[in-house]
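> Just the structure for this:
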Amino acid sequence: MTWLKPVSIDQHAQSSYAAFFADLEAQLRDPSCDRPLLVRETLAQAMYGRRYDVLLADAPLAALNLDSRNVTFEAEYYMATDDARFQQVKPLLHLWKSIDLTPLGQNPVFGIPLRRVLAGHIFARVGRDFKCWQNVEFSVGYNMEVGDDVVVHRNVLLDDIGGIELHDGASISDYVNVYSHTHSVLDGPDVTLRKTVIGRGARITYHSTILAGSVVSDDAMLATHALLRGDIPPQGIAMGLPARVTRVKVRPPGVVEGFTGPGINSATYRHDAGRKANPQFPDPTPNQTRLPDGDPAVGALTQILREPVGGEG
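Residues are numbered from 1 along each chain as shown. Model (predicted):
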């Protein structure tokens, strides 16, 4: 049961939006579609109310920046990015990001359905009723695997360069950061990719951060401003820096209402062993830190670091 209520708008506006989404979906399904041309024309109409060729003659700088071939994304500088795959999704990411900065993108009845259409042609997989609010950033987009009824709120970073799974009913709150790559402490260019997994019905709450390779099990929760560097067991609630499980939901063990299929359990889920992203550093990254000798806080800190994230606080 949801706490949200339905909201209606003018029927003419709703019909116009629906026709636009249907046309966009049809063009994207056409194998002959030239995505950069489609996107630049769509942005010219949406942002400037005129054809791209007219805008190019009147305001060339504005027009040129609507063409994804004239802009770069951070992911294009990463060795780990599959350039062939990224070039396929880049125009659609450009459309997504650009529309988010306009009144159209800030309007939920337009922005959310548009992102749902684009996600179907960007992500590795997306289920039904995906709801994504404005100003969500992806690293490459094509490594996102999203189940049914997933919600992602505003200003979220989904660093999917190493892969992110958001399973059915997962909810990602505003200003969350989810990572799937790590850097060596001693050598920044030594990068390891690890898939990060958010289970069914899991809730990742405001301003929290999940580090690469973590598994948030079914029906678990990560608290506000928490930093997760491991796993959360089913129905666990993890809090703090670093996050530790301090509460467990009062439910029958293993019960996740409304979901079917195999569950996500931090104890049994096959963890990502990691892939090296930089050929200059092909070997597994060893432990590269140690606690300072003689520090009176070392004993307490050692105990905290040794406690598994799933242990009771």
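
> CA only for contacts and neighbour counts going forward, please
Noted.

> tell me which element residue 94 falls in.
Taking DSSP states H and E as the definition, one finds residue 94 inside helix 83-100.

> actually residue 62, sorry about that
helix 60-64.

> quick one: that helix to chain centroid distance?
30 Å (Cα atoms, centre = their mean, to the nearest Å).

> what comes up buried for stretch 279-286?
residue 285 (16 or more other Cα atoms under 10 Å).

> Apologies, that question was intended for stretch 215-228.
Quick answer for stretch 215-228 (16+ other Cα under 10 Å): 215-228.

> Could you find the closest non-adjacent residue to residue 126?
The shortest distance from residue 126 to any non-neighbouring residue, by Cα to Cα, 6 or more residues apart in numbering, is to residue 146 (4.5 Å).

> ok, now which ones touch that neighbour?
By Cα atoms under 8 Å, 6 or more residues apart in numbering, the residues touching residue 146 are 123, 125-127, 130, 165-168.

> same thing but 10 Å
Contact analysis of residue 146 by Cα atoms under 10 Å, 6 or more residues apart in numbering lists 119-120, 123-128, 130, 164-170, 198.

> Looking at it now. What's its pLDDT?
Residue-level confidence at residue 146 comes out at 98, pLDDT.

> try residue 52
98.

> can you count the residues close to it?
Neighbour count of residue 52, defined by other Cα atoms under 10 Å: 24.

> so how far is stretch 178-194 off the chain centroid?
Going by Cα atoms, centre = their mean, where stretch 178-194 is centred and where its chain is centred differ by 18 Å.

> distance between the ends of it?
12 Å (Cα to Cα, to the nearest Å).

> could you give the mean pLDDT of that stretch?
Stretch 178-194 comes out at a mean pLDDT of 94.

> returning to what we had before: okay, the helix holding residue 94 in CSV with CA atoms only?
Provided in CSV are the C-alpha atoms of helix 83-100 (Å, rounded to 0.1, in the frame of the first residue of the first chain):
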residue,chain,number,x,y,z
ASP,A,83,33.4,3.1,-25.5
ALA,A,84,31.3,1.2,-28.0
ARG,A,85,28.5,0.6,-25.4
PHE,A,86,28.8,4.1,-24.0
GLN,A,87,28.4,5.8,-27.4
GLN,A,88,25.1,4.0,-27.8
VAL,A,89,23.7,5.4,-24.6
LYS,A,90,25.5,8.7,-24.5
PRO,A,91,22.9,10.7,-26.6
LEU,A,92,20.1,9.4,-24.3
LEU,A,93,22.0,10.3,-21.2
HIS,A,94,22.6,13.8,-22.7
LEU,A,95,18.8,14.1,-23.3
TRP,A,96,18.1,12.9,-19.8
LYS,A,97,20.5,15.3,-18.1
SER,A,98,19.6,18.3,-20.3
ILE,A,99,15.8,17.9,-19.9
ASP,A,100,16.3,17.7,-16.1
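
> could you point out which element follows it?
Next along the chain from helix 83-100, counting by DSSP H and E, comes helix 103-106.

> What is whichever helix or strand comes after that following helix packed up against?
Once the chain leaves helix 103-106, the next helix or strand it forms, by DSSP H and E, is helix 108-122. The helices and strands touching helix 108-122, judged by 3 or more Cα pairs under 10 Å, 6 or more residues apart in numbering; DSSP states H and E, are helix 11-29, helix 83-100, helix 103-106, strand 125-126, strand 131-132, strand 144-146.

> Single out the most deeply packed of these.
strand 144-146 (a mean of 23; mean count of other Cα atoms under 10 Å).

> can you pull the contacts of the residue lying closest to residue 183 once chain neighbours are set aside?
Excluding its sequence neighbours, the residue lying closest to residue 183 (Cα to Cα, 6+ apart) is residue 191, at 4.6 Å. If you count contacts by Cα under 10 Å, 6+ apart, residue 191 has them with 79-80, 181-185, 274-282, 284-285.

> Relative to residue 235, how far out is the residue most central in space within the chain?
Centroid check for the chain by Cα atoms, centre = their mean gives residue 158 as the closest residue, at 2.8 Å. Using Cα to Cα, residue 158 is found at 23 Å from residue 235.
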